[in-house]
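Engineer: Attaching a predicted model along with its sequence, questions to come.
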Amino acid sequence: MDRPANVGRCVDMTDGQAAGGGGARSAEVALDSSVPPRPGEPGEPAGGPRRSRMRRGRPAGRGPVTAVAFGPGRVNLVGEHTDYNDGLCLPFAIELGVTVRARPSLDGLMRMHAVDIGSHDVFPAVAPPRVEGWRSFARGVVALLTEAGYSIRPARLTITGTLPRGAGLSSSAALEVALALALLAHSGHGEPDRRQLAGLLSRVENEWVGARTGLLDQTASLFGRPGHALCLDVRALGAIPAPGQAPGGVPAPGPLPAPPASAARASGADGGRATPGAEPAATGIEPVRLDLGRWRLVTVDSGVRHAIAASGYNTRRAECARACELLGIGSLRDADQDAPGRLPEPLGRRVRHVLAENERVRLAVAALRAGDLPELGRVLDASHASLRDLYEVSVPEVEATAARLRALGAAGARMVGGGFGGSVLALFPPGRRLPAEAMRVAPGGPGRLLPR
């Protein structure tokens, strides 16, 4: 059935058309690590960083640079643990991220040098063996790009980062995006379709790193838009070619079906009603103007580093899958308002969070369109309470950080990322003093190639 022109959209057309590809035209996730761990952490050999196997006189930093790529981190305003449930999210890319420089490798090997900690990895460009820890990211990117039909030339990769590790700002997706864009350019390939590239990089998380994440982080990093958040409909984003097909190697998908009526009707624990015009466009990506005026968004580290592959993240995803089995539905996007009452606990609580969190994305979009920043703060608080009480992914240090930020005058505060540690996002009105350790965040551009 046809819908009115602006029903099913996050924003009016005056906010711009759906975000396009970034780069020259414009992967809480896993270990959330833009650079390798310190000595003694997972993935680092005992006794300190591994020495480079570079031939004497040919260190990693020499030779002509063939490509430089930047992958930004992201902040998710609201919409947590909804991406792998075909739901709605509201992230934005930030200006901090990961940079990868590529140079030719003449011996057929891929050589990585993480400058920030002086750690290295060496592996064959063809059929890289699997490993655990931070080294799995580059190996997975090379393997899946090759599987998708892109021949990857051996390279020396130098990695630097400005994102704090394990802070819930998706440094892992930033690393994946920078690696993919640098390797594709180094190997002589053109810009791929970015929706499909996001799906491929999500598979790196799932199949190589061991974190069963969704499409949120890679999409935010690839489609960031200055001054805007991105309202994502992950169900629409999931309409990409089957794994193994080359991004850009098939025609773009046609118009996508509207979300089911049950999703539009779903209301959460906060009792909100669905907001008309608060669904993403058919592309699954719609920019929403993030105009804060004199208000400020900041993140504050809780002091607890999280590692999604080693946390309860995968358990939560398994619980959602079990809930779908018991309800006889394909994803929680199809669950109705009464579904939680038909499930045993804790599955009922998990579903209540997902339904309510989808609705909070709609409410946040409506608040931004109306310039109602106090309401946006209330949405952040409600999201945090749901993540704590229904999804049960908080820890005492995160709770103490959120409480301290509210005591300092934040209009709202919530954990960001997959939970179990990381940072707290807070919205401060004008006139309130920020804590000394607060890091201001604002929407930045997408992952992109940089001048060599």
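Structural biologist: Structure received. Numbers count the residues shown, from 1 in each chain.
Engineer: going forward, measure contacts between C-alpha atoms and count neighbours the same way
Structural biologist: Fine.
Engineer: and the residue nearest to G214 when sequence neighbours are not counted, how many neighbours does it have?
Structural biologist: Spatially, and ignoring its direct neighbours in sequence, G214 is nearest to Y84 (4.5 Å; Cα to Cα, 6 or more residues apart in numbering). Neighbours of Y84 under the rule other Cα atoms under 10 Å: 22.
Engineer: in terms of contact, does L201 touch D217 like I think?
Structural biologist: No: applying Cα atoms under 8 Å, one finds L201 not in contact with D217, separated by 9.7 Å.
Engineer: Just want to know which of those two has more residues nearby.
Structural biologist: The neighbour comparison of L201 against D217 (other Cα under 10 Å) goes to D217, with 32 against 25.
Engineer: Is S172 in a helix, a strand, or coil?
Structural biologist: Judged by DSSP: H, G, I helix; E, B strand; the rest coil, the three-state class of S172 is helix.
Engineer: Next: E437.
Structural biologist: Three-state assignment for E437 (three-state DSSP): coil.
Engineer: what about it, neighbour count?
Structural biologist: 10.
Engineer: dump the residue contacts of the residue lying closest to it once chain neighbours are set aside.
Structural biologist: Nearest residue to E437, sequence neighbours excluded (Cα to Cα, 6+ apart): V300, at 6.5 Å. Shown in contact with V300 (Cα atoms under 8 Å, 6 or more residues apart in numbering): 401, 423-425, 437-439.
Engineer: hang on, V300 is in a strand, isn't it?
Structural biologist: Yes: V300 forms part of a strand when assessed by three-state DSSP.
Engineer: mind checking pLDDT for it?
Structural biologist: With respect to pLDDT, V300 scores 96.
Engineer: Quick check: bridge partners of it?
Structural biologist: V424 (DSSP bridges).
Engineer: Was I right to think T299 contacts V441?
Structural biologist: Yes: counting by Cα under 8 Å, V441 is a contact partner of T299 at 7.1 Å.
Engineer: Looking at the two, which one has more neighbours?
Structural biologist: Counted by other Cα under 10 Å, T299 and V441 do not tie: T299 has more neighbours, with 25 against 18.
Engineer: which residue packs closest to that one, ignoring adjacent ones?
Structural biologist: L425 (4.5 Å).
Engineer: right, and that neighbour touches S302 too?
Structural biologist: No: proximity of L425 to S302 does not meet the contact threshold set by Cα under 8 Å, at 10.4 Å.
Engineer: longest helix of the chain?
Structural biologist: As assigned by DSSP state H, the longest helix anywhere in the chain is helix 347-370.
Engineer: Tell me the helix or strand right after that one.
Structural biologist: As assigned by DSSP states H and E, the chain's next helix or strand after helix 347-370 is helix 373-389.
Engineer: Return the set of buried residues in that next one.
Structural biologist: Across helix 373-389, burial judged by 16 or more other Cα atoms under 10 Å covers 373-388.
Engineer: can you check stretch 333-348 too?
Structural biologist: 333-337, 339-340, 343, 347-348.
Engineer: quick one on the thing from earlier: closest to L230 out of the buried residues of helix 373-389?
Structural biologist: Closest to L230 out of the buried residues of helix 373-389 is L376 (15.3 Å), distances taken as Cα to Cα.
Engineer: pretty sure that closest one contacts A370?
Structural biologist: No: with contact defined as Cα under 8 Å, L376 does not reach A370; the gap is 10.2 Å.
Engineer: what is V288 paired to in the beta sheet?
Structural biologist: Where V288 sits in a bridge, its partners, by DSSP bridges, are A229.
Engineer: where do the helices sit along the chain?
Structural biologist: 135-147, 171-186, 194-203, 216-223, 234-237, 261-265, 313-327, 347-370, 373-389, 396-407.
Engineer: Just want the angle from the second one to helix 216-223.
Structural biologist: Yep, that's helix 171-186 we're talking about. Counting by axes from the mean of the first three to the mean of the last three Cα atoms, to 10 degrees, helix 171-186 points 40 degrees away from the direction of helix 216-223.
Engineer: need the contact list for the closest residue to A413 other than its chain neighbours.
Structural biologist: In space, and not counting its chain neighbours, A413 is closest to A426: 4.2 Å by Cα to Cα, 6+ apart. For A426, the contact set (Cα under 8 Å, 6+ apart) comprises 297-299, 402, 405, 410-414.
Engineer: Only the buried residues of the longest helix of the chain, if you could.
Structural biologist: By 16+ other Cα under 10 Å, the buried positions in helix 347-370 come out as 347-369.
Engineer: And stretch 139-156, by the same measure?
Structural biologist: Buried-residue list, stretch 139-156, by 16+ other Cα under 10 Å: 139-146, 148, 150-156.
Engineer: Tell me where the longest strand sits in this protein.
Structural biologist: When the chain is parsed with DSSP state E, its longest strand is strand 91-104.
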